[in-house]
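Participant: Sequence isn't available, so here's the structure alone:
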């Protein structure tokens, strides 16, 4: 349980640092506001698609495990 917590902590920290640095980089480019909003929405959409793929794979793995146990 401790190693899982450590992995979560490290992953969240790296994600936070990456987000902060990406945001600072985008702001330093001094892009027009609509372009900046578009870039943020594209990134958010990619994250949502990636998360849904992971969730679907986990559900499929659970169904496969149930089918093997029957």
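Facilitator: It's in. As the structure is a prediction and not an experimental result, all values here were calculated from the model.

Participant: Can you tell me which helices and strands the longest helix belonging to the chain packs against?
Facilitator: Longest helix of the chain, by residue count under DSSP state H: helix 33-69. Contacts defined by 3 or more CB pairs under 8 Å, 6 or more residues apart in numbering; DSSP states H and E place helix 33-69 against helix 2-28. Any C-beta I mention is one placed from the backbone N, CA and C, and that applies to glycine too.

Participant: ok, back up a step: now do the longest helix of the chain: distance to the chain's middle.
Facilitator: Relative to its chain's centre, helix 33-69 lies at 8 Å (CA atoms, centre = their mean, to the nearest Å).

Participant: List the contacts of residue 52.
Facilitator: Residues near residue 52 by CB atoms under 8 Å, 6 or more residues apart in numbering: none.

Participant: And it, how far from residue 40?
Facilitator: 19 Å (CB to CB, to the nearest Å).

Participant: for residue 31, same thing?
Facilitator: 11 Å.

Participant: what does residue 60 give?
Facilitator: The value you get for residue 60 to residue 40, if CB to CB is used, is 31 Å.

Participant: Settle it for me: which of these two has more neighbours?
Facilitator: Using other CB atoms under 10 Å as the criterion, residue 60 and residue 40 rank with residue 40 on top: 13 against 10.

Participant: Without its sequence neighbours, what residue ends up closest to the more buried one?
Facilitator: In space, and not counting its chain neighbours, residue 40 is closest to residue 26: 7.7 Å by CB to CB, 6 or more residues apart in numbering.

Participant: now the one you found: how far from residue 14?
Facilitator: Counting by CB to CB, the gap from residue 26 to residue 14 is 18 Å.

Participant: now do residue 41
Facilitator: The value you get for residue 41 to residue 14, if CB to CB is used, is 23 Å.

Participant: about what we covered before: between residue 26 and residue 14, which one's more packed in?
Facilitator: For the pair residue 26 and residue 14, the greater number of neighbours falls to residue 26 (15 against 10), based on other CB under 10 Å.

Participant: Contact partners for that one?
Facilitator: If you count contacts by CB under 8 Å, 6+ apart, then residue 26 has 36, 39, 40 around it.

Participant: Sounds good, over and out.
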